[in-house]
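Asks: Whatever this is, show me its structure:
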Amino acid sequence: MNPGDMTSELERLHADAYAWALACCRWDREEGTEVLQTTYVKVLDGRARFEGRSSFRTWLFSVIFRTAAERRRRLVVRSLRSHWSRNGHVAGPPSETPETLLAGSERSRDLTRALRRLSARQREVLHLVFYQEMSVEEASKVLGITLGSARTHYERGKRSLRRLLTERRD
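Replies: Numbering: from 1, shown residues only. Presented below is the predicted three-dimensional model:
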């Protein structure tokens, strides 16, 4: 893919890519923005190369996913070093602001609460399938898991979500 076409595709997919980056970063806007910018730099300077083995969108989402995971690992290591240097003082968890992003109706809050109770992998698969309109197969490629595993997380996630939302209404 030539640089002009790649730039056009990145522009076309920007809104969806940003939504996926936010989901990968637990809805932290600052983290999501950093991950997306780092991803774009990797793509544009050639460290991440599109080889056409999947759709450009699927490939881009997998680069975002891996970039977010790399960033989380670096933050954990930095946090551990800081903890060790303070000789036993444990820092609190990073602040999350999903309410600011998903505030709204009571139904939206119920959905957000239910989604938080799912496993991370179930949330990721459901996000890619429902919000990013990917197939389960594409989601498996983005997440680097087998199709069977993605299908299992998808079905279990839907079943758990349905149960949690039903319990909430009752």
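
Asks: Tell me which residues touch the residue nearest the centre of the chain, please.
Replies: Central residue of the chain (C-alpha atoms, centre = their mean): Cys24, 2.2 Å from the mean position. Contact partners of Cys24, counting by C-beta atoms under 8 Å, 6 or more residues apart in numbering, are Gly32, Val35, Ile64, Phe65, Ala68, Ala69, Glu124. Backbone N, C-alpha and C define where each C-beta goes, glycine included.

Asks: Ala150 too?
Replies: So Ala150 contacts Val125, Val136, Glu137, Ala139, Ser140, Leu143 (C-beta under 8 Å, 6+ apart).

Asks: Tell me how far it lies from Glu34.
Replies: Distance of Ala150 to Glu34, given as C-beta to C-beta, to the nearest Å: 27 Å.

Asks: out of the contacts of Ala150, who's nearest Ala48?
Replies: Of all the contacts of Ala150, the one with the least separation from Ala48 (C-beta to C-beta) is Leu143, at 16.3 Å.

Asks: mind listing what's buried in the longest helix along the chain?
Replies: Taking DSSP state H as the criterion, the chain has its longest helix at helix 56-85. Along helix 56-85, these residues count as buried under the neighbour rule (16 or more other C-beta atoms under 10 Å): 56-68, 71.

Asks: show me where pLDDT drops low in the chain?
Replies: Within the chain, the segments meeting pLDDT under 70 span 77-106, 169-170.

Asks: In it, mark out all the helices, start to finish.
Replies: 3-24, 29-45, 56-85, 98-102, 106-117, 120-126, 136-143, 147-169.

Asks: and the angle for the fifth one with helix 147-169?
Replies: So the one you mean is helix 106-117. 130 degrees (axes from the mean of the first three to the mean of the last three C-alpha atoms, to 10 degrees).

Asks: just how off-centre is helix 106-117 within its chain?
Replies: In terms of C-alpha atoms, centre = their mean, to the nearest Å, the gap separating the centre of helix 106-117 from the centre of its chain is 17 Å.

Asks: buried sites along that helix?
Replies: Quick answer for helix 106-117 (16+ other C-beta under 10 Å): Leu111, Thr112, Ala114, Leu115.

Asks: Equivalent analysis for stretch 116-135, please.
Replies: Neighbour count says stretch 116-135 has Leu118, Arg121, Gln122, Arg123, Glu124, Val125, Leu126, His127, Leu128, Val129, Gln132, Met134 buried, by 16+ other C-beta under 10 Å.

Asks: if we can go back for a sec, a markdown table please, covering the contacts of Cys24 and showing distance to Met1.
Replies: Shown next, in a markdown table, are those (distance: C-beta to C-beta, whole Å):
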| residue | distance to Met1 |
| --- | --- |
| Gly32 | 25 |
| Val35 | 22 |
| Ile64 | 17 |
| Phe65 | 20 |
| Ala68 | 23 |
| Ala69 | 24 |
| Glu124 | 26 |
